[in-house]
Structures are given as structure tokens and as C-alpha cells.
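Q: sequence-free structure coming up:
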């Protein structure tokens, strides 16, 4: 598995199969656009198939706050540690930012708690030592 911290070289054709169970999922062109416009995007690529199999995005002001709106792994690649690796890599990218927030379904909260996030109305991480910027 190759992890890329850049969207350079990604194509729409590499993004098939995501947003499972979404009633109105974005198409591959929109998916590529959201990856490219994110503050940070990390993708997991199966190099043998030239296919993105997982991704995580963050939007941020780069100083005090960041929000992780999307973390997805293709169904056939789940339970292989890809999501965990994407999350760990993103947390390293966001190191030094005061608040890192995300929203998730209740059944996913334990996954995020393992990286130090806390339950709230959503899931949050507050690096108080970085509060003043």
C-alpha cells in the first residue's frame, strides 16, 4: 500500500467505489475536486491496480482549527488497518493545531477514541498548549 500526502497524479478513474450507502454520492469528478481543494488530503493507493482504496481529508485555517470531514476505505479493503493508518498520518499532519474536530456515527466513536479524541456533541481534540496560536 502506498500512502500519498498529495493529490498530484490522481485521476477520476482512480476514485471509483467510494461513498457507499450515500443517498446522493458525489461523482468521481467532484470527489477529485474535494480532495484537491482540501487543506490536507492523504490517500491510500493499491499500486498494483492503480486504485485509491482509502482517503482522509482535513479543512483548516492552519493555525487554530481543523475539521476532518471524510475518512473512507473501500468496503473490500476494510479491517486491514488502512483507515487507522490514514488517521494517524493526518493527525501528524495536523500536529500543532489547537482543535481538531470531526463528526461520526456512535458506532465509530471508539475508533476515534483510540487516537486520543474525546466524545462531545461531535468528536474533538483540544491541544490546549496551542490555544494561543
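A: Now that the structure is in, tell me what you want to look at. Predicted, not measured: the structure shown is a model, and the values here were computed from it.

Q: so what does the helix or strand bottoming out on mean pLDDT in the chain touch, helix or strand wise?
A: Using mean pLDDT, DSSP states H and E, strand 123-126 stands out as the lowest-scoring helix or strand of the chain, at a mean of 74. For strand 123-126, the packing partners by 3 or more CB pairs under 8 Å, 6 or more residues apart in numbering; DSSP states H and E come out as strand 99-102. Yep, even glycine has a C-beta here, placed from its N, CA and C like the rest.

Q: Could you look up the SS state of the residue lying closest to residue 119 once chain neighbours are set aside?
A: The shortest distance from residue 119 to any non-neighbouring residue, by CB to CB, 6 or more residues apart in numbering, is to residue 109 (5.9 Å). Under DSSP: H, G, I helix; E, B strand; the rest coil, residue 109 falls in the helix class.

Q: Can you tell me the element the most centrally placed residue in the chain falls in?
A: What sits nearest the mean C-alpha location of the chain, by CA atoms, centre = their mean, is residue 56, with 1.8 Å. Here residue 56 is covered by strand 51-60, with elements defined by DSSP states H and E.

Q: following that strand, which helix or strand shows up next?
A: Using DSSP H and E, the helix or strand that directly follows strand 51-60 along the chain is strand 65-73.
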